[in-house]
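# attaching a predicted model along with its sequence, questions to come.
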Amino acid sequence: MLDTLEISQAATSLNLLHEKTQVLLKLEICGLEDNTVRFRITELETRRPRFEASDVLVGSPRTYRLSVEKQTTEELMLLGRDSLRISVSAHPFRIDVLSGGELVTSVNARGLLLFEHSRTRGNTLTERVSSTVGSMWTKLKAVFTSGKEETASEEKTQDESPEGEEKAHEEEPDLGTDEKENQEEMTEEEEEGTWEESFKSHHDSKPYGPMSVGLDFSLPGFEDVYGIPEHADSFRLRTTSSGDPYRLYNLDVFQYELENPMALYGSVPYLVAHSPERTLGLFWLNPTETWIDIASNTAGKTVFGKMLDFVRSANEGPQMDVRWMSESGIVDAFLLLGPLPTDVFRQYAALAGTQALPPLFALAYHQSRWNYNDEDDVLAVDAGFDKHNLPMDVIWLDIEHTDGKRYFTWDSNKFPNPADMQNHIAGKRRKMVTIVDPHLKVDSSYSVYNEAYSRGYLVKNKGGGDYEGWCWPGSAAYLDFLNPEVRDWYASKFAYDSYLGSTDILFTWNDMNEPSVFNGPEVTLHKDALHHGGWEHRDVHNLYGFYQQWGTVGGQLRRSGGNERPFVLARAFFAGSQRFGAVWTGDNLGEWSHLKASISMVLSLNLCGLSFSGADIGGFFKNPSTELLVRWYQAGAYQPLFRAHAHIDTARREPWIFGSDTTALVRTALRERYALLPYWYTVFYWAYRSGMPVMRALWIEFPKEEQTFMIEDEYMIGNALLVHPVTEAASRGVNVYLPGAHEVWYDVHTQKKYSGGQEIYYPVKLSTIPVFQRGGTIIPRKDRPRRSSACMSADPYTLYIALDDQKSAEGELYMDDEHSFNFEKQNEYQLRHFLFKGGTLKASVSSHIPPGKYSSTEWLERIVIVGIAQPMMSVLLKQPGSQDAPLAYEYTPELSSLIVRRPGVRLTAEWTIVIR
């Protein structure tokens, strides 16, 4: 209905008409700043509002007015900024997005738009047509609830048939042959599951009937797509044409399977497509149960003849087709047009936010298990790390520390003096974490439950009473975090006078927040449970953990008066959870396959904004071999979240338990992590500042190098370090791909130089961690071993300079107080820039951000330069207002390595070191 066109600053809108049901929908196309397009489809009239996940966005996206280049009764051509063109075709309904004359995305090219309008249950032809469309949802869901694939495979065959591309009268339902011939003779059996259904002993009343939505996107020119975590599958997404679609539905999954598109603990409905020519992002903003089908196609076959005037080339080429289906809500999709990977990360960050900058201790090593038994056990573990010279920053307590699984309490027998225990840990300049799950023990003697109950803060069942399920404490109620008032009240529970026994070194772990309900359908809340505002749980399910973590962060902020940065780890998450803290990959297994899978899983999380992520070192379940445990420590030392954790039934795993040799190997891995903390902190700052991931797939740094597109056993930390963990037992060597035909790489342990653009065989021993520094980079380190990161605060720095073929390098160091918000509130920070060129190393304030005013006495202890071939005659330090000072140095010709000793300059000062 192009004659209904309306254009404003906020959106270009027009109506869509379902030809069979005569239901009107509203399509909005929004041009957003920074090369992004938003598509929204809603009902013009509805008997019940549909949930919109506005809290996921950091604010209202900034729009601009699109203009009309051409309009007929059948076609509309809109013009936007940055050579953007959007073509809307009426019959069949389709949207084509062009950038720079290239067709980059087609929307509804396969005619799979689905929008089940709200209605009352009836038996008219309209209801029968709608119910048949709704059965598509029921069939797909059967794959995951019954374990049978027949109905889903049948449905997928219909949906992906060539005929599907020719259908397309706006959002006309994709009816099968039998339905088209027998619309007047539909039976109640065909409607089974549409208005109500049962799953084992559970019943879903579906009081509002079917309300699913779906849409397909075709991505010409792309063969590689990534993202949509969380799945224990390959980093590069597989096509689903011959198997199950990817599912996003936060669940507590026991011992999850690998290479499986099944749902896990968190959901981010964000997909990234990449080719040598362009990177593209697709964000489907819907928090309900969602499936994603991915198919490979041929691009030329989907270009309409009338598009040839606008498309540079209609030659056949690769194409990925992505179909999204969600149980309720609206169609709200964002197309991020890049074109570079850095552009897409910035564009997504503008929508969902960036990674919160953690306090430095959170980037160090965490020691956890279910459970440390009592205060004596905690103090013994703490002492064990000191005795064996192992750095450690945080000790964690699982559910057994509480009084009968009542959160915000302590077991008075096992932990009679929790504040004294924490003060002892604080004396070592370490921290602690306790678990706080979202369920509350139903117990009239439990004050937190009583208060939540009396205030009406609990999730309700379909009848309006308080929902009760079964979890760790037995009978449990669930806080309704969708309610802002509940989140505010919850935050107050973290106050020191409310959470008795807590201190300022105690931080929080939100587990079981999918939410987990042991006796619920698929171990979670019933979909017809009710939340604040009358929303059904089905409408908001994937946001439950997001909202709990939000409330928990609010509690830590409030207790410090907003001064101290929080640290909160959550198992369940959604898009935007990066604004609140860290996540992890859940209950993995102590097996080699899970060590390997952790790399692809954490890469996927980083790609989708959740940079502060990692996997349980050693695996949560089972008892890893000593070799596996060592290899996992080595891998974990080079992943963003570095935490060891284990199940209560596993054997104890503190590193010294396995003997002196193993302890020494773990010590090496831990010290490598701690030495690199200045670099980690700097890379995290840029994740906070720009949305760039901390742990990066190789193609992010080398976007045109196709050899990198399928690599997921190695990765970059920032732009300077390449890591290839050893993930196979009894390995004697690994094949490492060093990207960049014009790059050089240096083994960080031996300083051996390698040329880029090649695969090398790299011999390994159990002590070997394959890590390479990229030529042309400068990495700041602190090399003095300490027992915690806080003990390193006044330690001097070492700069590791790896020269490229032009004998130059540059890098940055971010500095602040490492724990407060003064860097935001008072501009108390420094971003230092180091440039080595023409034999001169210059330190200055970085021009990438406004200058800060952080003052520090930290100084430069040493400089290590690799790749510097010429013999030295002198090394001079130049500072404003001072005479040139010669510096001691040592040159190693066989390694082309120069070590400059004790320059002694402050890191925040202006200075130059000249090598002649």
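Sure, I can see it.
# okay, which residue is most central for the protein?
residue 610 (2.7 Å; C-alpha atoms, centre = their mean).
# so that residue is in contact with residue 229, correct?
Yes: the pair residue 610 and residue 229 passes the contact test of C-beta atoms under 8 Å, sitting 7.4 Å apart. (Glycine included, C-beta is placed from N, CA and C.)
# mutual contacts of those two, please.
Shared contacts of residue 610 and residue 229, defined by C-beta atoms under 8 Å, 6 or more residues apart in numbering, are found at residue 268.
# how close does the residue nearest to the centre of the chain get to residue 100?
According to C-beta to C-beta, to the nearest Å, residue 610 and residue 100 sit 31 Å apart.
# kindly format the C-alpha coordinates of the host helix or strand of residue 348 as PDB.
For residue 348, the element it lies in under DSSP states H and E is helix 341-352. Output of helix 341-352 as PDB, limited to C-alpha atoms (Å, rounded to 0.1, in the frame of the first residue of the first chain):
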ATOM      1  CA  PRO A 341      34.500  -4.600  10.800                       C
ATOM      2  CA  THR A 342      35.500  -1.600  13.000                       C
ATOM      3  CA  ASP A 343      32.400   0.300  11.600                       C
ATOM      4  CA  VAL A 344      30.100  -2.600  12.500                       C
ATOM      5  CA  PHE A 345      31.400  -2.800  16.000                       C
ATOM      6  CA  ARG A 346      30.900   0.900  16.500                       C
ATOM      7  CA  GLN A 347      27.400   0.800  14.900                       C
ATOM      8  CA  TYR A 348      26.300  -2.100  17.200                       C
ATOM      9  CA  ALA A 349      27.800  -0.300  20.300                       C
ATOM     10  CA  ALA A 350      25.700   2.700  19.400                       C
ATOM     11  CA  LEU A 351      22.600   0.600  19.800                       C
ATOM     12  CA  ALA A 352      23.300  -1.900  22.600                       C
END
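# now do the contacts for the residue lying closest to residue 277 once chain neighbours are set aside.
Excluding its sequence neighbours, the residue lying closest to residue 277 (C-beta to C-beta, 6 or more residues apart in numbering) is residue 221, at 6.5 Å. Taking C-beta under 8 Å, 6+ apart, we find residue 221 in contact with 102, 104, 275, 277, 278, 299, 317, 318, 319.
# only whichever of these are buried, select them in PyMOL.
Selection of the buried residues among the contacts of residue 221 in PyMOL, burial being defined by 16 or more other C-beta atoms under 10 Å:
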select buried, resi 102+104+275+278+299+319
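# okay, who's weakest in the contacts of residue 221 by pLDDT?
Lowest-confidence member of the contacts of residue 221: residue 299, scoring 79 (pLDDT).
# what sits against the closest residue to that one other than its chain neighbours?
The spatial neighbour of residue 299 that comes closest, neighbours along the chain excluded (C-beta to C-beta, 6+ apart), is residue 220 at 3.5 Å. Applying C-beta under 8 Å, 6+ apart, we find residue 220 in contact with 103, 104, 105, 106, 299, 302, 303, 317, 318, 319.
# what does residue 460 give?
Contact partners of residue 460, counting by C-beta under 8 Å, 6+ apart, are 466, 467, 480, 529, 530, 531.
# among these, which are in helices?
Assignment to helices by DSSP state H places none of the contacts of residue 460 there.
# looking at those, spot the one nearest residue 447.
For the contacts of residue 460, the closest approach to residue 447 (C-beta to C-beta) belongs to residue 466, at 16.7 Å.
# quick one: neighbours of residue 893, just the number.
Applying other C-beta atoms under 10 Å, we find 8 residues neighbouring residue 893.
# so residue 813, which state does it fall into?
Classification of residue 813 using DSSP: H, G, I helix; E, B strand; the rest coil returns strand.
# find me the pLDDT at it, would you?
Residue 813 carries a pLDDT value of 98.
# hmm, it is touching residue 908, no?
No: contact criterion C-beta under 8 Å: residue 813 and residue 908 do not qualify, at 9.6 Å.
# related to what we said a few turns ago, any chance of JSON lines for the contacts of residue 220, columns secondary structure?
Compiled in JSON lines, the contacts of residue 220 are given as follows (three-state DSSP):
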{"residue": "103", "secondary structure": "strand"}
{"residue": "104", "secondary structure": "strand"}
{"residue": "105", "secondary structure": "strand"}
{"residue": "106", "secondary structure": "strand"}
{"residue": "299", "secondary structure": "helix"}
{"residue": "302", "secondary structure": "helix"}
{"residue": "303", "secondary structure": "coil"}
{"residue": "317", "secondary structure": "coil"}
{"residue": "318", "secondary structure": "strand"}
{"residue": "319", "secondary structure": "strand"}
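# export those residues to TSV and tack on distance to residue 333?
Output for the contacts of residue 220, formatted as TSV (distance: C-beta to C-beta, whole Å):
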residue	distance to residue 333
103	17
104	14
105	10
106	13
299	20
302	18
303	21
317	23
318	22
319	18
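# any low-confidence regions in this structure?
Scanning the chain with the threshold set as pLDDT under 70 gives 123-191, 300-315.
# could you find the closest non-adjacent residue to residue 863?
The nearest residue in space to residue 863 (C-beta to C-beta, 6+ apart) is residue 900, at 4.0 Å.
# repeat that for residue 29.
Computed as C-beta to C-beta, 6+ apart, the closest residue to residue 29 that is not its neighbour in sequence is residue 12, at 4.7 Å.
# residue 659 - how many residues pack around it?
When counting by other C-beta under 10 Å, one arrives at 10 neighbours for residue 659.
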